[in-house]
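[1] Need coordinates for the below:
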Amino acid sequence: MANFLKNLFAKDPTSVSGVDIGPSSIKIVQLKKKKGRAVLERYGALSLGPYAGVEIGRATALPADKIASAVLDLMREAKISAKDCGFSIPMSSSLVTIIEIPEVEEKQLASIIPIEARKYVPVPISEVLLDWWVIPREGSMPTDEYSETRPGALYRGSAPKQKTIEVLLVVIHNEAIAKAQDVIKMSGLRASFYEIEIFSTIRSALDREGSPVMLFDFGAGSTKLYIVDRGVLRVSHVINRGSQDLTIALSKALNISPENAESMKRTKGLTAVTEGRDTVTAVSSTLNYIFAETNRVILTYEKKHLKNLGKILLTGGGAGLKGLLEVAQTSFQTEVVLANPFGKVESPAFLEGVLKQVGPEFAVSVGLALRKLQEIR
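    From the prediction side, this is the model:
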């Protein structure tokens, strides 16, 4: 066992990994820096359902030891060797919001922010980790300095003189950090940072967009919506329905087992016809609810900020569902495309098609690995 672990975690100072622990699966990407470029070495995903005694595709709530066991299994199967990594923190254990406070000197923020945060955080401040960034007014944002080392890829700079300032408040529950540290320790990894998943996705999926962009993260147990404008996260919203709800709807409509429904969904997507019933019809209630809520979030943002959404990027494990992109394109009044996080890294040409297809699922892990690479000098 000792020799196995030694070989598994052989250190390569130029290779790093991004470890994304989601409710239904683990995703790991290993990158290497070569001549200043990020190069893909390995990637892999592993469903957590079997570790919880449920079917593949179901959201789980596993303890740290079982997650660590799954991490080791995936690293062995995908031949991931990089020990140094960045580690994701789920949005479900976090709070990201924009608050408005009176304009004060920067040195006063450390005392004011915790007081203001109490209005938004439903637990004692002592139980959470706080961080924040002052958001410059739009006219003061430089066009030639885009920081990818900061979560959310915020523009650096100080806010102009005004009566109030906007502050991006980031809150992580201490228990989430403690659990992540346990997983890291038990799996033999070494994490230099923990990052909320949306900021990793922003890094890997977005370029310097001229218009606001929505990230539509279609996960197993929920759908997370984010609107990002010029690198700043402006809106985050969670819909408590996800891809596993499509499986449940399909199972009930076609009177088949959840396992068979999940298999059908994965292999045939929304284009299959079974026993005379189109799968889109079988899951239409769930999809209609998700899309209607998404349109409501978009409309609210556009009315408040007097800006039109530029496009919607589909991310998450459910984004690659066959037919989903086409259905989404008919449901929104804006461009809808699949996120392509692997487009930020070099990879063999013969993998281009596969990486575009699976890319949305690896948006977080690619973003983590890209940030980790920046630590290598």
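[2] Can you pull out the low-pLDDT segments for this protein?
    Across the chain, the ranges flagged by pLDDT under 70 are 1-13, 138-162, 272-279.
[3] Secondary structure class of Phe216, three-state.
    strand (DSSP: H, G, I helix; E, B strand; the rest coil).
[4] quick one, longest helix in this structure?
    helix 284-305 (DSSP state H).
[5] residues making contact with that helix?
    Identification of contacts with helix 284-305 by C-beta atoms under 8 Å, 6 or more residues apart in numbering yields 212, 214, 216, 223, 225, 227, 229, 234-235, 237, 239, 241, 245-246, 249, 280, 307-309, 327-328, 331-332, 334. In this view, the C-beta of every residue, glycine as well, is placed from N, C-alpha and C.
[6] Please check those residues and keep the buried ones.
    Buried members of the contacts of helix 284-305, scored by 16 or more other C-beta atoms under 10 Å, are 212, 214, 216, 223, 225, 227, 229, 234-235, 237, 239, 241, 245-246, 249, 280, 309, 327-328, 331-332, 334.
[7] Confirm that Leu129 sits in a helix.
    No - using three-state DSSP, the assignment for Leu129 is strand, not a helix.
[8] what about Ser47, neighbour count?
    A count of neighbours around Ser47, defined by other C-beta atoms under 10 Å, yields 22.
[9] Restricted to helices, list the contacts of helix 284-305.
    Per DSSP H, these map to helices at 245-246, 249, 280, 327-328, 331.
[10] Make a markdown table out of the residues you listed and add distance to Gly316.
    Listed next are the ones in helices among the contacts of helix 284-305 as a markdown table, based on distance: C-beta to C-beta, whole Å:
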| residue | distance to Gly316 |
| --- | --- |
| Asp245 | 14 |
| Leu246 | 13 |
| Ala249 | 18 |
| Val280 | 19 |
| Val327 | 15 |
| Ala328 | 12 |
| Ser331 | 17 |
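[11] for the stretch 101-250 of the chain, what spans make up the helices?
    109-117, 174-187, 197-205, 243-254 (DSSP state H, counting those that start in this stretch).
[12] Okay, buried residues for the second one please.
    Buried residues in helix 174-187, counting neighbours by 16+ other C-beta under 10 Å, are found at 176-177, 179-180, 183-184, 186-187.
[13] likewise stretch 340-358?
    So for stretch 340-358, counting by 16+ other C-beta under 10 Å, buried means 340-342, 344-345, 347, 355-356, 358.
[14] next one: stretch 200-218
    For stretch 200-218, by 16+ other C-beta under 10 Å, it's 200-206, 212-218.
[15] how close does Glu209 sit to Thr97?
    Separation of Glu209 from Thr97 (C-beta to C-beta, to the nearest Å) stands at 21 Å.
[16] How about Lys303?
    Distance, Lys303 to Thr97, by C-beta to C-beta: 19 Å.
[17] ok, these two, which is more surrounded?
    When neighbours are counted by other C-beta under 10 Å, Lys303 and Thr97 differ, and Thr97 comes out ahead with 15 against 9.
[18] Please look at that one and Leu169 and confirm they touch.
    Yes - using C-beta atoms under 8 Å, Thr97 is in contact with Leu169, at 5.4 Å.
[19] Give me the common contacts of these two.
    Residues touching both Thr97 and Leu169 (C-beta under 8 Å, 6+ apart): Tyr120.
[20] then stretch 114-130 to PDB, C-alphas only?
    Extracted in PDB, the C-alpha atoms of stretch 114-130 (Å, rounded to 0.1, in the frame of the first residue of the first chain):
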ATOM      1  CA  PRO A 114     -18.500  41.700   9.500                       C
ATOM      2  CA  ILE A 115     -21.200  43.900  11.000                       C
ATOM      3  CA  GLU A 116     -23.000  44.300   7.600                       C
ATOM      4  CA  ALA A 117     -22.600  40.600   6.900                       C
ATOM      5  CA  ARG A 118     -24.800  39.700   9.900                       C
ATOM      6  CA  LYS A 119     -27.800  41.000   7.900                       C
ATOM      7  CA  TYR A 120     -27.200  38.300   5.300                       C
ATOM      8  CA  VAL A 121     -25.600  35.400   7.200                       C
ATOM      9  CA  PRO A 122     -28.200  33.200   9.100                       C
ATOM     10  CA  VAL A 123     -25.500  31.800  11.500                       C
ATOM     11  CA  PRO A 124     -23.000  33.400  13.900                       C
ATOM     12  CA  ILE A 125     -20.200  35.200  12.100                       C
ATOM     13  CA  SER A 126     -17.800  33.100  14.200                       C
ATOM     14  CA  GLU A 127     -19.000  30.000  12.300                       C
ATOM     15  CA  VAL A 128     -18.100  31.300   8.800                       C
ATOM     16  CA  LEU A 129     -15.100  32.600   6.800                       C
ATOM     17  CA  LEU A 130     -15.600  36.100   5.300                       C
END
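[21] Okay, buried residues for that stretch please.
    Judged by neighbour count (16+ other C-beta under 10 Å), stretch 114-130 contains these buried residues: 116-117, 121, 128.
[22] How is Val337 assigned, secondary-structure-wise?
    Quick answer, by three-state DSSP: Val337 is strand.
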